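In: predicted model follows, preceded by the sequence.
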Amino acid sequence: MLKFFDAHTHVQFAAYASDFQEVIGRAYAHGVGMVNVGTQKDTSRRAVEVAHNYDGVYAAVGLHPIHTVKSYHDAQELGDNSDAKGFTSRGEDFDYDYYKQLALDSKVVAIGECGFDFFRQEQGANREAQIERQKEAFIKQIELSREVKKPLMIHCREAFSDLISVLKANPHNLKPGIIHFFSGTKEDAKQLLDMGFYFTFGGVITFTRDYDDVIKIIPLDRILSETDAPYVTPVPHRGKRNEPLYVIEVVKKLAEIKNVSEEKMRVQILRNSEQVFNIQF
Ligand SMILES: [Zn+2]
């Protein structure tokens, strides 16, 4: 029986190569289910493989905007052997057929993470060209989500006006998906709510008050919890590697900000997760 849900995490990353079974086991012992989110070909395929070994563990498959341009490399994500480095240094073109094969799998519940990232751009490279590449990959993933009828898992950093205009110009699903770790303005939130999007928040809300105002205006039935592990570990675990178990701290903080009981918040998030991902716990 699931009690909590981590809607966006990365236990399939290299950071957990030696102990992902223990990490998932700890989450399980506390009733925490999860979606492991792919960021390029290897991490997407691996997310599907891991999902097949456990109940309550699902996958999202897609191409993260930072992996559309060359040279971005994170050892926690991809490992630090030279094969992994060589792979990302090229920058990936979105391979529709490859991702469609994965997306049709029954354990895949979303397409992404996809979207825009104008924060981590290549120094010295042509900014317009990079934005164009991100946009191209994003539009193809919107098409894929429409074709396989699965929601989008969107990553967006410092690019909300571009994101909203692309979403408006490209028809998507009735249940469009999730804005993961929403960092836009209240106005951005209102527009995305009108379009039917859900929002996830993670560990950062436990150590800054910067997101409280926007969380207050998002209806309870549109909020989900995430860890984005191995990144942004919540209080009181700061300094340690993050993991899905710690989503419980995020749910507690969301309850406090929304001024509802922890139990009400917990149950509502489970229902919201079932709704947006079309799954039943
Ligand atoms: Zn992520």
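Out: Sure thing, it's come through. Just so it is clear, the structure is predicted and the values come from calculations on it, not from any experiment. Residues are numbered from 1 along each chain as shown.

In: now stretch 51-67: buried residues?
Out: 51, 54, 56-67 (16 or more other C-beta atoms under 10 Å). (Glycine included, C-beta is placed from N, CA and C.)

In: between those residues, which is closest to residue 244?
Out: Nearest to residue 244 among these: residue 57, at 9.2 Å, using C-beta to C-beta.

In: on that earlier part again, between the buried residues of stretch 51-67, which is closest to residue 2?
Out: Among these, and counting by C-beta to C-beta, the member closest to residue 2 is residue 56, at 5.4 Å.

In: that closest one contacts residue 28, doesn't it?
Out: Yes - taking C-beta atoms under 8 Å as the definition, residue 56 is a contact partner of residue 28 at 7.2 Å.

In: how far off centre is the longest helix anywhere in the chain?
Out: Ranked by number of residues, the top helix in the chain under DSSP state H is helix 127-148. The chain centroid and the centroid of helix 127-148 are separated by 16 Å, computed with C-alpha atoms, centre = their mean, to the nearest Å.

In: and what of stretch 70-79?
Out: 17 Å.

In: so for it, what's the average pLDDT?
Out: Across stretch 70-79, pLDDT averages out at 76.

In: what ranges does the stretch 101-250 of the chain have for its helices?
Out: Secondary structure of the stretch 101-250 of the chain (DSSP state H, counting those that start in this stretch): helices located at 127-148, 160-169, 186-194, 212-217, 247-258.

In: tell me the angle the longest one makes with helix 160-169.
Out: In other words, helix 127-148. On the basis of axes from the mean of the first three to the mean of the last three C-alpha atoms, to 10 degrees, helix 127-148 is oriented at 40 degrees to helix 160-169.

In: elements contacting helix 127-148?
Out: For helix 127-148, the contact count by 3 or more C-beta pairs under 8 Å, 6 or more residues apart in numbering; DSSP states H and E identifies helix 96-103, strand 108-117, strand 152-157, helix 160-169 as packing neighbours.

In: also the third one?
Out: Judged by 3+ C-beta pairs under 8 Å, 6+ apart, the packing partners of helix 186-194 are helix 160-169, helix 212-217.

In: so which of the buried residues of stretch 51-67 are in strands?
Out: Within those, residues falling in strands by DSSP state E are 57-61.

In: tell me how many other residues crowd residue 128.
Out: By the criterion of other C-beta atoms under 10 Å, residue 128 has 8 neighbours.

In: and if you look at residue 190?
Out: Residue 190, neighbours per other C-beta under 10 Å, totals 14.

In: same check, this time on the one 4 residues further on
Out: Residue 194 has 8 neighbouring residues, counting by other C-beta under 10 Å.

In: for residue 15, see how far away it is.
Out: According to C-beta to C-beta, to the nearest Å, residue 194 and residue 15 sit 37 Å apart.

In: so what's residue 117 bridging to?
Out: residue 157 (DSSP bridges).

In: can I get the helices of the stretch 101-250 of the chain in a markdown table with mean pLDDT and distance to residue 109?
Out: Shown next, in a markdown table, are the helices of the stretch 101-250 of the chain (pLDDT from 0 to 100; distance: least, C-beta to C-beta, whole Å):
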| stretch | mean pLDDT | distance to residue 109 |
| --- | --- | --- |
| helix 127-148 | 93 | 11 |
| helix 160-169 | 95 | 20 |
| helix 186-194 | 96 | 19 |
| helix 212-217 | 97 | 24 |
| helix 247-258 | 98 | 16 |
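
In: ok, back up a step: which one among the ones in strands among the buried residues of stretch 51-67 gets closest to residue 162?
Out: residue 60 (21.5 Å).

In: correct me, but the closest one touches residue 34?
Out: No - between residue 60 and residue 34 there is no contact under C-beta under 8 Å: 10.6 Å.

In: burial measure for residue 248, as a count.
Out: Around residue 248 there are 20 residues (other C-beta under 10 Å).

In: again with the one 5 residues further on
Out: Neighbourhood size, residue 253 [other C-beta under 10 Å]: 24.

In: hmm, it is touching residue 206, no?
Out: Yes - look at residue 253 against residue 206 with C-beta under 8 Å: they come within range, at 5.0 Å.

In: quick check: neighbours shared by these two?
Out: Residues touching both residue 253 and residue 206 (C-beta atoms under 8 Å, 6 or more residues apart in numbering): residue 234.

In: just how off-centre is stretch 11-24 within its chain?
Out: The answer for stretch 11-24 is 17 Å, by C-alpha atoms, centre = their mean.

In: in it, what counts as buried?
Out: In stretch 11-24, counting by 16+ other C-beta under 10 Å, buried: 11-16, 20, 23-24.
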